[in-house]
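Enquirer: Generate a structure from the sequence data that follows.
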Amino acid sequence: MTNRRDAARAMLMSRRNVLRAASGACLALPFLASMSPHPARAAGEPVRRFLPIFFPNGASQHWWTGLETSGVGDAWALSKVLSPLQALKSKVIHIRNLGNYRAMQDNRQVEPSHARCAAAYLTCTDADAHDQRNGVSVDQVVVERAAFATPIPSLQVGLGTFPGFFDGRPWHYNQSMSWRPSDGTYPTEPLRRVVSPREVFEDLIPWAKPSDPTSGADPRLEASVLDEFLAESAALRGKLSRSDALVVEQFEARIRELEILTGEMGDFDVVPGCVPLTEPPFHVADSDQEQQGEASHNGAPIEGGEYQREAHADVMNALIVMAFQCDLTRVISYMLDDARSPFEYSHVTIEDFGGTSGSLNYHDGAQHNADPLNNAYASISQWFVRKTSELAGMLDAIPEGDGTMLDNTLILLGCGMHSDDHDAADLPIVLIGGGDTFVHDQNVVLPVYPDDRQLRDLHFTILNRYFELDVASFGEDRDGAPNAVIDEILA
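Expert: Down below sits the predicted model:
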């Protein structure tokens, strides 16, 4: 009996990457308890994932915080903008007084701010100070040092569908948040965010693309991904526990749902009248037209040719969850919009904040609304939080080990700019998930300027305490201050 059981487990382990296409790429099954060869497997090294999320133009500080003192549990409450996170509050950390200005050549107010602050969000380096060459971003340090054995080292995705304002800077300041080393630390290579859900889907599952019947490709490539999965996994069914069979059933349903969603959004490079998103615009801002944000809409058509940002975000969220659940990658960076997007969030309502002004205007315009309560700006900030909360909730609904996938995933939600003042101090920063490395359900108020902490120390803490990578330093400080972990957030 023991030999038969061990043989079955060995076969299951060999099926961990169960879908293989002619290209050699694979779609991995979610972790199944039945696949563990012995009890020590479940007690081994925990899975660690990283999902840094960026939103542009700072946040409405009147509505974002209102949280001036530290508190844990019932001693603090989410602000109105952060209220979509209420169901996940027990896994949330809100941090006040983290700045990134000491990485910059300016003081607290950075100009031009949008492009430079965005480029420095994950690098804590002022690219302007290095002839427009950035530092290595924290997510790519994780990729390089942790060396996860996943088919895809990392993904870079986003929702930006307009070229936008570039502040006289290259495209990559505005449309990249991940930077990896190319020839040493400098220069670095910007990793473009992919905004087409269909392209992300095809990157994750290459055999979802139609094959050329004249190419001699494996005819299985013409089948749906789910059909391929069902055929390949049929041998597993009789050897799974009831709980694992349920996991596989949920997994199959998610793949089918994703195929339908991405199929409805269309193949963006063949839909009539669509500006292709297969290659997002690598613009260098050297014309007045681009600087004024007047370039044509580069959106993905959904349902009758109309672009819908809400649907775009929903599909991208589902793809991120699939990538993590299938263990195709453990590091994903997600730009909820480009650094200074002119996108008009007309689908977002402002009634929750007492607004009666009608049109929200484009985001950067709403940021500079003279209304001190700025309900339009707050509503857009809340939308970013809501889409992040929905993504986190999807991860939290998937069991993994002794907890959920969210427990094994650290989400960093934030911006490199404070608010409409263009300051790089007291940045809007929230951590979600990350398991027992952190003390959750707390509002952490660090010392105020000029004794505030710098964002590079949060990245340093993530690298050394969450991922345990023994990194000596991260980012830059014009005052030459060394890195130090942020003890207030650690368990």
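
Enquirer: what are the ranges of the strands in the stretch 51-200 of the chain?
Expert: 71-72, 92-96, 98-99, 155-158, 178-181, 188-191 (DSSP state E, counting those that start in this stretch).

Enquirer: Reformat those as JSON lines; add distance to Gly416.
Expert: Where you see a C-beta, it was placed from the backbone N, CA and C, and this is true even at glycine. Listed next are the strands of the stretch 51-200 of the chain as JSON lines, based on distance: least, CB to CB, whole Å:
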{"stretch": "strand 71-72", "distance to Gly416": "26"}
{"stretch": "strand 92-96", "distance to Gly416": "14"}
{"stretch": "strand 98-99", "distance to Gly416": "10"}
{"stretch": "strand 155-158", "distance to Gly416": "15"}
{"stretch": "strand 178-181", "distance to Gly416": "13"}
{"stretch": "strand 188-191", "distance to Gly416": "15"}
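
Enquirer: Switch the ones you listed over to a markdown table; also include mean pLDDT, distance to Ser241 and mean neighbour count.
Expert: Shown next, in a markdown table, are those (pLDDT from 0 to 100; distance: least, CB to CB, whole Å; neighbours: other CB atoms under 10 Å):
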| stretch | mean pLDDT | distance to Ser241 | mean neighbour count |
| --- | --- | --- | --- |
| strand 71-72 | 96 | 38 | 14 |
| strand 92-96 | 97 | 33 | 23 |
| strand 98-99 | 96 | 45 | 22 |
| strand 155-158 | 94 | 31 | 23 |
| strand 178-181 | 94 | 39 | 21 |
| strand 188-191 | 91 | 40 | 21 |
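
Enquirer: closest one to Gln325 among those?
Expert: strand 155-158 (13.4 Å; CB to CB).

Enquirer: And the contacts of the closest one?
Expert: 175-178, 191-195, 200, 203, 316, 319-320, 323, 329, 331-338 (CB atoms under 8 Å, 6 or more residues apart in numbering).

Enquirer: go with 6 Å
Expert: Ser178, Leu191, Arg193, Val194, Val195, Val200, Met316, Thr329, Ile332, Ser333, Tyr334, Met335 (CB atoms under 6 Å, 6 or more residues apart in numbering).

Enquirer: now do stretch 141-153
Expert: By CB under 6 Å, 6+ apart, the list of residues contacting stretch 141-153 reads Phe50, Ser154, Leu328, Thr329, Arg330, Val331, Phe467, Leu469.

Enquirer: contacting residues around the nearest residue to Asp479 once chain neighbours are set aside?
Expert: Leaving out its chain neighbours, the residue that sits closest to Asp479 by CB to CB, 6 or more residues apart in numbering is Arg102, at 5.8 Å. Contacts for Arg102 (CB under 6 Å, 6+ apart) come out as Gln454, Asp477, Arg478, Asp479.

Enquirer: State the pLDDT value of the first one.
Expert: The pLDDT attached to Gln454 in the predicted structure is 97.

Enquirer: do the same with Asp420
Expert: 83.

Enquirer: With Asp74 instead?
Expert: Reported pLDDT for Asp74: 95.

Enquirer: before we move on, what about Glu351?
Expert: At Glu351, pLDDT is 65.

Enquirer: The one 4 residues further on now?
Expert: What the model reports for Gly355 is a pLDDT of 56.

Enquirer: what residue ranges in the stretch 251-400 of the chain score low on pLDDT?
Expert: By pLDDT under 70, the low-scoring segments of the stretch 251-400 of the chain are 251-306, 351-352, 354-362, 365, 370-374.

Enquirer: What are the boundaries of the helices in the stretch 301-450 of the chain?
Expert: 309-325, 363-367, 375-396 (DSSP state H, counting those that start in this stretch).

Enquirer: Out of these, the one nearest Val439 is which?
Expert: Across the helices of the stretch 301-450 of the chain, closest to Val439 is helix 375-396 (CB to CB), at 17.8 Å.

Enquirer: Just the C-alpha atoms of the closest one, please, in CSV.
Expert: Coordinates of each C-alpha in helix 375-396 appear next as CSV, following Å, rounded to 0.1, in the frame of the first residue of the first chain:
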residue,chain,number,x,y,z
ASN,A,375,-15.2,65.1,-3.7
ALA,A,376,-14.2,64.2,-7.3
TYR,A,377,-10.6,63.6,-6.3
ALA,A,378,-11.7,61.6,-3.3
SER,A,379,-14.0,59.5,-5.4
ILE,A,380,-11.2,58.5,-7.8
SER,A,381,-8.9,57.7,-4.9
GLN,A,382,-11.6,55.5,-3.5
TRP,A,383,-12.1,53.7,-6.8
PHE,A,384,-8.4,52.7,-6.8
VAL,A,385,-8.8,51.4,-3.2
ARG,A,386,-12.0,49.5,-4.2
LYS,A,387,-10.4,47.7,-7.2
THR,A,388,-7.4,46.8,-4.9
SER,A,389,-9.8,45.6,-2.2
GLU,A,390,-11.7,43.4,-4.8
LEU,A,391,-8.4,41.9,-5.9
ALA,A,392,-7.3,41.2,-2.3
GLY,A,393,-10.7,39.7,-1.6
MET,A,394,-10.3,37.3,-4.5
LEU,A,395,-7.0,36.2,-3.1
ASP,A,396,-8.4,35.9,0.4
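
Enquirer: remind me which residues of the stretch 1-150 of the chain are low pLDDT?
Expert: 1-45, 66.

Enquirer: could you redo the last one with a cut-off of 80?
Expert: 1-46, 61-62, 65-67, 107 (pLDDT under 80).

Enquirer: returning to what we had before: nearest to Ala425, out of the helices of the stretch 301-450 of the chain?
Expert: Of all the helices of the stretch 301-450 of the chain, helix 363-367 comes closest under CB to CB, at 16.6 Å.

Enquirer: Please name every helix or strand in contact with the closest one.
Expert: helix 375-396 (3 or more CB pairs under 6 Å, 6 or more residues apart in numbering; DSSP states H and E).

Enquirer: how about the helix it packs on: buried residues?
Expert: Buried residues in helix 375-396, defined by neighbour count with 16 or more other CB atoms under 10 Å: 375-389, 391-396.

Enquirer: again, but for stretch 102-119
Expert: Here stretch 102-119 shows 102-104, 106, 108, 110, 112-119 as buried, counting by 16+ other CB under 10 Å.
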